[in-house]
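> A structural model of the following input is requested.
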Amino acid sequence: MALAVTSSSAISGPISYASSENKAPQIGSFRPVDRSNVSLATVTFSRRQSAVKPVNAEPKRNDSIVPLAATVAAPEVAEKVEVEDYEQLARDLANASPLEIMDKALAKFGNDIAIAFSGAEDIALIEYARLTGRPFRVFSLDTGRLNPETYQFFDTVEKHYGIRIEYMFPDAVEVQGLVRSKGLFSFYEDGHQECCRVRKVRPLRRALKGLRAWITGQRKDQSPGTRAEVPVVQVDPAFEGLDGGVGSLVKWNPVANVQGMDIWNFLRAMNVPVNSLHSKGYISIGCEPCTRPVLPGQHEREGRWWWEDAKAKECGLHKGNLKQEDGNKNGNGHANGTATVSDLFDTQSLVTLTRTGMENLAKLENRKEPWLVVLYAPWCPFCQAMEGSYVELAEKLAGSGVKVGKFRADGDEKEFAQRELQLGSFPTILFFPKHSSQPIKYTSEKRDVDSLMAFVNALR
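Alright, predicted model coming up:
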């Protein structure tokens, strides 16, 4: 059956209005076409990009128009389809500006590409798209659990750019089943993946099935544990596009090589509206129950799913970033990648503890001096973020009667640390009092020197 994309909402862009004869399809929405007036001899499904330029929105649209993305008249002589080498293109664009990359993406895919907008600092993507002077589309996932400030921000963005965001919603029956069987906050008990799969991943999958490419705001510095190798363009490793099958969707990451500070400098320079949550300490913004402000010195992703292991902090939208843990590793390699990462907390004021050392320390009931020990993983971005403050603390406590140590608790040591040392997520900081075998866990998210010193002083 031939399919046609339809939409009841207008899609607009920053350029001049076009005729109603060509309309931008709504992402992921299809309806059957009356085949009585369409000859089978003239309908083919092509992987070629439509020659018709993308269009901007109008107040009204003619839903009877069959978009050329769905049905294309076959030429008498079949054209040769050139396969793009996106790995080479990524290398060619590695030093390109976000504006240049955005222009390349929009020029190449026209109306078959859209910007994924979360309501955070990825507003920069929309601004870059505007600056190219080309038409563009924007879609967002409304999970039903977003902050009120984010919904207000969506409205502000639509008015500021004169566009209509194409919202995707989760399946009501799936949400109902999840909530009725497990409650509204099951993710605090058994992880966020199931809820994200229902509310985000499946709606995204439907959206991407109506596209040949999408644009994301991923940056390498957002999550060193999972995004450190994100290229500026790639064949999407996890989702399929309009043509179906592996390799049918291209993923563009124009700001992959840009630092978060430079994104904010750009937004201020261009006077771009931002989500009011940013002024309240939020950096990475997602659903309300799973997002909180971060403190100075904390990594931005520490405000997301804070009760879980740092290496799992992807909701599934970019699950291609997650690499399977190598079962042959003994804890010396990165659990999310293939490369060994440098160790942390390198100072003579710190004692490196082995498993035997930790077992002995935990058994002692009468220690000569109290100990402060961090359970860490070198690949963890939150451990990396607190390295400076912990090293400074160790140097300040040198000669004070408090020993400061570190224990690498990933790999083969993780199960032991979870069972015997209260490890929940990285980093975990424990204080071993002088006259007690039971360690005291530091529960605060404040990992600056003053906060850690106050914790030590209160117990020693």
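> C-alpha from now on. contacts and neighbour counts both.
Will do.
> and the helix ranked longest in the chain, how far out from the chain middle?
The longest helix of the chain (DSSP state H) is helix 148-161. Between the centre of helix 148-161 and the centre of its chain there are 20 Å (Cα atoms, centre = their mean, to the nearest Å).
> likewise stretch 130-150?
That offset, for stretch 130-150, works out to 15 Å (Cα atoms, centre = their mean).
> list the buried ones in that stretch?
By neighbour count with 16 or more other Cα atoms under 10 Å, stretch 130-150 contains the buried residues 130, 132, 134-143, 146-147, 150.
> could you do stretch 243-260 as well?
Quick answer for stretch 243-260 (16+ other Cα under 10 Å): 243, 247-257, 260.
> strands - which of these land there?
250-252 (DSSP state E).
> need those residues in TSV with pLDDT and distance to residue 126, can you?
Output for these, formatted as TSV (pLDDT from 0 to 100; distance: Cα to Cα, whole Å):
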residue	pLDDT	distance to residue 126
250	96	18
251	96	16
252	97	13
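> with respect to residue 176, which of these is nearest?
Nearest to residue 176 out of those is residue 251 (Cα to Cα; 31.5 Å).
> so the closest one bridges to which residues?
Beta-bridge pairing of residue 251 under DSSP bridges involves residue 214, residue 234.
> residue contacts, it?
Shown in contact with residue 251 (Cα atoms under 8 Å, 6 or more residues apart in numbering): 213-216, 233-236.
> tell me the most packed of the residues you listed, by neighbour count.
residue 213 (28 neighbours; other Cα atoms under 10 Å).
> wait, which of the contacts of residue 251 is closest to residue 289?
Looking across these and measuring by Cα to Cα, the closest to residue 289 is residue 216, at 23.0 Å.
> quick one: low-confidence parts of the protein?
1-83, 223-227, 296-301, 305-340 (pLDDT under 70).
> and the helices in it?
Using DSSP H, helices in the chain cover 86-92, 98-109, 123-132, 148-161, 172-182, 187-190, 193-196, 202-208, 260-269, 355-363, 381-385, 387-397, 414-420, 449-459.
> got the angle for the last one vs helix 387-397?
Counting by axes from the mean of the first three to the mean of the last three Cα atoms, to 10 degrees, helix 449-459 lies at 50 degrees to helix 387-397.
> now helix 449-459: how far from the chain's centre is it?
The chain centre lies 34 Å from the centre of helix 449-459; the measure is Cα atoms, centre = their mean.
> which of the residues in that helix are buried?
For helix 449-459, by 16+ other Cα under 10 Å, it's 449, 452-453, 455-456.
> other SSEs contacting that helix?
Contact here means 3 or more Cα pairs under 8 Å, 6 or more residues apart in numbering; DSSP states H and E; on that basis helix 449-459 packs against helix 387-397.
> let's see that with 10 Å instead.
In this structure, helix 449-459 packs against strand 371-376, helix 387-397, strand 428-432, with contacts taken as 3 or more Cα pairs under 10 Å, 6 or more residues apart in numbering; DSSP states H and E.
> between strand 371-376 and that helix, find me the angle.
Using the same axes, to 10 degrees: helix 449-459 against strand 371-376 is 130 degrees.
> the helices and strands packed on helix 449-459 into TSV, with extra columns for distance to residue 168?
Below are the helices and strands packed on helix 449-459 laid out as TSV (distance: least, Cα to Cα, whole Å):
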stretch	distance to residue 168
strand 371-376	38
helix 387-397	40
strand 428-432	38
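> quick one, which of these gets closest to residue 194.
Nearest of the helices and strands packed on helix 449-459 (Cα to Cα): strand 428-432, 25.6 Å.
> with distance to residue 228 added, can I get the helices of the chain in a markdown table?
Output for these, formatted as a markdown table (distance: least, Cα to Cα, whole Å):
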| stretch | distance to residue 228 |
| --- | --- |
| helix 86-92 | 15 |
| helix 98-109 | 17 |
| helix 123-132 | 20 |
| helix 148-161 | 27 |
| helix 172-182 | 33 |
| helix 187-190 | 26 |
| helix 193-196 | 21 |
| helix 202-208 | 23 |
| helix 260-269 | 14 |
| helix 355-363 | 30 |
| helix 381-385 | 10 |
| helix 387-397 | 18 |
| helix 414-420 | 23 |
| helix 449-459 | 27 |
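> any figure for the gap between the closest residue to residue 107 other than its chain neighbours and residue 114?
The shortest distance from residue 107 to any non-neighbouring residue, by Cα to Cα, 6 or more residues apart in numbering, is to residue 134 (7.7 Å). Remark: distance between residue 134 and residue 114 (Cα to Cα, to the nearest Å) = 12 Å.
> common neighbours of those two, please.
residue 106 (Cα atoms under 10 Å, 6 or more residues apart in numbering).
> count of neighbours near the closest residue to residue 366 other than its chain neighbours?
Of all residues not flanking residue 366 in the chain, residue 435 sits nearest, at 4.8 Å (Cα to Cα, 6+ apart). By the measure other Cα under 10 Å, the count of residues near residue 435 is 14.
> now the one 3 residues further on
Taking other Cα under 10 Å as the neighbour definition, residue 438 ends up with a count of 15.
> cool, and residue 292?
Residue 292 has 23 nearby residues by other Cα under 10 Å.
> any chance of CSV for the buried residues of helix 449-459, columns distance to residue 360?
Conversion of the buried residues of helix 449-459 to CSV gives the following (distance: Cα to Cα, whole Å):
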residue, distance to residue 360
449, 27
452, 24
453, 25
455, 23
456, 21
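> and which of the residues you listed is nearest residue 195?
When the buried residues of helix 449-459 are compared against residue 195 (criterion: Cα to Cα), the nearest one is residue 452, at 34.4 Å.
> wait, that closest one touches residue 446, no?
Yes - using Cα atoms under 10 Å, residue 452 is in contact with residue 446, at 7.6 Å.
> OK, contacts around the residue nearest to residue 366?
Contacts of residue 435 by Cα under 10 Å, 6+ apart are 364-370, 460.
> most surrounded residue in these?
Going by other Cα under 10 Å, residue 370 tops the contacts of residue 435 with 20 neighbours.
> of the helices and strands packed on helix 449-459, which is nearest residue 104?
Residue 104 sits nearest to helix 387-397 of all the helices and strands packed on helix 449-459, at 39.1 Å, using Cα to Cα.
> buried residues in that closest one?
Buried residues in helix 387-397 (16+ other Cα under 10 Å): 387-391, 393-395, 397.
> show me the contact partners of it.
By Cα under 10 Å, 6+ apart, helix 387-397 touches 297, 344-351, 372, 374, 378, 381, 383, 400, 402-406, 447-453, 456.
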